[in-house]
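# what's the 3D shape of this:
(chains A and B)
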Protein chains: 2
Amino acid sequence: MKLYDGGRAPNPRRVRVFLAEKGIEVPLAPVDMGAMEHKGEEVASRNPLRRLPVLELDDGTVICESVAICRYFEELHPEPALFGRGALGKALVEMWQRRMEFNLLAPVAQAFRHIHPAMKEWEAPQIPEWGEANKPKAIAFLRILESELAHREFVAGDEFTIADITGLIAVDFMKPARIQVPEDCINVRRWHAAMSARPSAAA
Amino acid sequence: MKLYDGGRAPNPRRVRVFLAEKGIEVPLAPVDMGAMEHKGEEVASRNPLRRLPVLELDDGTVICESVAICRYFEELHPEPALFGRGALGKALVEMWQRRMEFNLLAPVAQAFRHIHPAMKEWEAPQIPEWGEANKPKAIAFLRILESELAHREFVAGDEFTIADITGLIAVDFMKPARIQVPEDCINVRRWHAAMSARPSAAA
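The predicted structure follows:
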C-alpha cells in the first residue's frame, strides 16, 4: 500500500491528519506539487483527474478523492469512529462534513486559486472577481458555525470527527487565501485553537 | 418524518430518485423555490443555510444535505446497497460519487447560476465569465467518464449506485445550463439513456 502525497496542499493534509487520528501508518510516496509533478504520468496513469492524494493498494487498485480514502480506512479500522456512529450519527457527520467542505473549504480554495499570483498556471482563466465573491461566502458560513459551536465542543457533536478535520484544514487555508476569522467569532477561534493543539494537526 | 422538498431543483430530485430506488416512501412538504420560499422562516428555522432538501424526523431532529439524507436511509435500509459493499466497494462508490459531484454537477451548476438570467437574484454577483469557464471543465470530465464507461455498465462498477444518480441529475441539468454531451461520447449517452429509462428517473 502506498499513498501518493502532495505535501502542504489541503487535501493531502486532510488524509494525513485522518490517518494520524486513527493511528494508522501508510508509506508515503511524495509528489512535488510545486514542480507540478502531479500533472505528470506517474499520477495521471493512476488518476486521470491528475489530483492528489491517491492511494494505491498492493494489488494495484487505486482509490482517489480524500474522503473516499478516509472512508476506506474507517471501514477497515472503525475505532475511533471519525464518520459517526449509527444511522443518525453517520448522517449528521456527513451533513457537517459536507457543510464544511462546500461552504468553507470550497470558497476559501476558490478565493486562493482565483486571486493568488502563484495560482496563475493552475487556474486558467484566473477570475479575480470570482475569487473576491467567495470571501464573503466563507465569512457568512463562519458566522453560522459560530452560533453552532456555542453549544458544543466539536463541529458535528460531542465527538471529534472528519468534519473537524475538514474545518481545521479550511481555516488554516484561509491564511494564504488572505481571509480572516472575524474577531468576534470566539467559539470558532476556541474550536480552531483546540483542533490545532491536537498532535494530528502536525501531520 | 417529513421531507421538505424543492421540486425540480437538482438536489431535491437527487433524494427523491434515491428513495424511489430504495422503494421508500417519505411524506413530502413541498416548498416553492420559484417563489423563493426556501429563503423563508419555515426552511431557515430548520436549515440556517436556507437550502433544500431538509429531512425532519418525528422528534424534530433535522438532517440537511442531500447525500447525508441518502446515507441516513442507506443505514436504515441497507438493500439495495446504493453506497457500495465492503471497505473497497464503499470507497470506490464514494470516489465516483464525489467525482460526479465536483467535476460534473458543480461546474454545470456554476454555469447555470452565473449565466442564466433567471438566476440573477439567486447568485449575486453573477459573473458570466466564471459561468463560461465552467463549461469546458464539465466537458473535459465527460471525456474521462466516456473512457471509463467503455468498460462497465454503471459509473462505479457493476451495480447501480448513488454515483449514477448524481450523474443522471448532472447530465439532465446540462440542458438548462446549455451544455451538450459531445456527440462522440457514445458510452456516456448509452449510460444516460439507461439511467433515464429507470422508473426512479421520474421521481
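
# and chain A, which residues reach chain B?
Residues of chain A lying close to chain B by Cβ under 8 Å from any Cβ of the partner chain are A:48-49, A:57, A:61, A:63-65, A:67-69, A:71-72, A:75-76, A:86-88, A:90-92, A:94-95, A:98-99, A:103, A:125, A:127, A:129-130, A:133, A:141, A:144, A:147. (Glycine included, C-beta is placed from N, CA and C.)

# so which of these are in helices?
A:67-69, A:71-72, A:75-76, A:86-88, A:90-92, A:94-95, A:98-99, A:129-130, A:133, A:141, A:144, A:147 (DSSP state H).

# now a PyMOL select for only the buried ones of those residues.
Buried members of these, defined by 16 or more other Cβ atoms under 10 Å in any protein chain shown, are picked up in PyMOL with:
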select buried, chain A and resi 67+68+69+71+72+75+87+88+90+91+92+94+95+98+99+130+133+141
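
# and stretch A:15-32, what's buried?
A:15, A:16, A:17, A:18, A:19, A:20, A:21, A:22, A:26, A:31.

# list just the nearest of those residues to chain B.
residue A:15 (12.1 Å; Cβ to the nearest Cβ).

# which residues sit in contact with that closest one?
A:3, A:5, A:53, A:66, A:69, A:70 (Cβ atoms under 8 Å, 6 or more residues apart in numbering or on different chains).

# from these, pick the one nearest residue A:114.
residue A:66 (21.4 Å; Cβ to Cβ).

# how much space separates the closest one from residue A:14?
5 Å (Cβ to Cβ, to the nearest Å).

# now do the strands in chain A.
A:2-5, A:28-30, A:54-56, A:62-64 (DSSP state E).

# highest average neighbour count across these?
Across the strands of chain A, the average number of neighbours (mean count of other Cβ atoms under 10 Å in any protein chain shown) peaks for strand A:54-56, which reaches a mean of 23.

# ok now that one, how far from the chain's centre?
17 Å (Cα atoms, centre = their mean, to the nearest Å).

# for stretch A:62-80, same thing?
14 Å.

# over to stretch A:121-135?
Using Cα atoms, centre = their mean, the offset of stretch A:121-135 from its chain centre is 20 Å.

# who touches it?
So stretch A:121-135 is contacted by A:36, A:107-108, A:110-115, A:119-120, A:179, B:125, B:127, B:129-130, B:133 (Cβ under 8 Å, 6+ apart).

# only the buried subset of these, as a ChimeraX command please.
Entered in ChimeraX, the line below selects the buried ones among these, by 16+ other Cβ under 10 Å:
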select /A:107,108,110,111,112,113,114,115,119,179 /B:127,130,133
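
# let's see which of the contacts of stretch A:121-135 end up in helices.
A:107, A:108, A:110, A:111, A:112, A:113, A:114, A:115, B:129, B:130, B:133.

# buried sites along stretch A:73-82?
Buried, per 16+ other Cβ under 10 Å, within stretch A:73-82: A:73, A:74, A:75, A:81, A:82.

# what's the answer for stretch A:146-163, then?
A:146, A:148, A:149, A:154, A:155, A:156, A:157, A:159, A:160, A:161, A:162, A:163.

# quick one: the closest residue to residue A:87 other than its chain neighbours from residue B:154, how far?
Nearest residue to residue A:87, sequence neighbours excluded (Cβ to Cβ, 6 or more residues apart in numbering or on different chains): residue B:75, at 3.6 Å. Distance of residue B:75 to residue B:154, given as Cβ to Cβ: 22 Å.

# lowest average confidence, helix or strand, in chain A?
helix A:41-44 (a mean of 92; mean pLDDT, DSSP states H and E).

# so which other helices or strands are in contact with that helix?
The contact analysis (3 or more Cβ pairs under 8 Å, 6 or more residues apart in numbering or on different chains; DSSP states H and E) places helix A:41-44 against no helix or strand.

# take the buried residues of stretch A:146-163 and keep only those in helices.
A:146, A:148, A:149, A:162, A:163.

# surely the residue nearest to residue A:87 and residue A:90 touch.
Yes: judged on Cβ atoms under 8 Å, residue B:75 makes contact with residue A:90 at a distance of 5.8 Å.

# overlap in contacts of the two?
By Cβ under 8 Å, 6+ apart, no residue touches both residue B:75 and residue A:90.

# next one, pLDDT for the residue lying farthest from the centre of chain A please.
When distances are taken from the C-alpha mean of chain A, residue A:59 lies farthest, 27.2 Å away, according to Cα atoms, centre = their mean. Per-residue pLDDT puts residue A:59 at 97.

# same question, residue A:102
97.

# where's it relative to residue A:170, distance?
Look at residue A:102 and residue A:170: by Cβ to Cβ, they are 11 Å apart.

# kindly report the same for residue A:116.
16 Å.

# could you check which of the two is surrounded by more residues?
residue A:170 (25 against 17; other Cβ atoms under 10 Å in any protein chain shown).

# so what's the more buried one up against?
A:10, A:100, A:101, A:104, A:105, A:108.

# ok, those residues vs residue A:40, which is closest?
Using Cβ to Cβ, these come closest to residue A:40 at residue A:10, 20.6 Å.

# okay, the strands of chain A in CSV with mean pLDDT next?
Shown next, in CSV, are these (pLDDT from 0 to 100):
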stretch, mean pLDDT
strand A:2-5, 96
strand A:28-30, 94
strand A:54-56, 98
strand A:62-64, 98
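
# just so I know, which of the ones you listed lies nearest residue B:43?
strand A:62-64 (34.5 Å).

# for that closest one, name the packing helices and strands.
strand A:54-56, helix B:86-100.

# out of those, which comes closest to residue B:43?
For the helices and strands packed on strand A:62-64, the distance to residue B:43 is smallest for helix B:86-100, at 25.1 Å, taking Cβ to Cβ.
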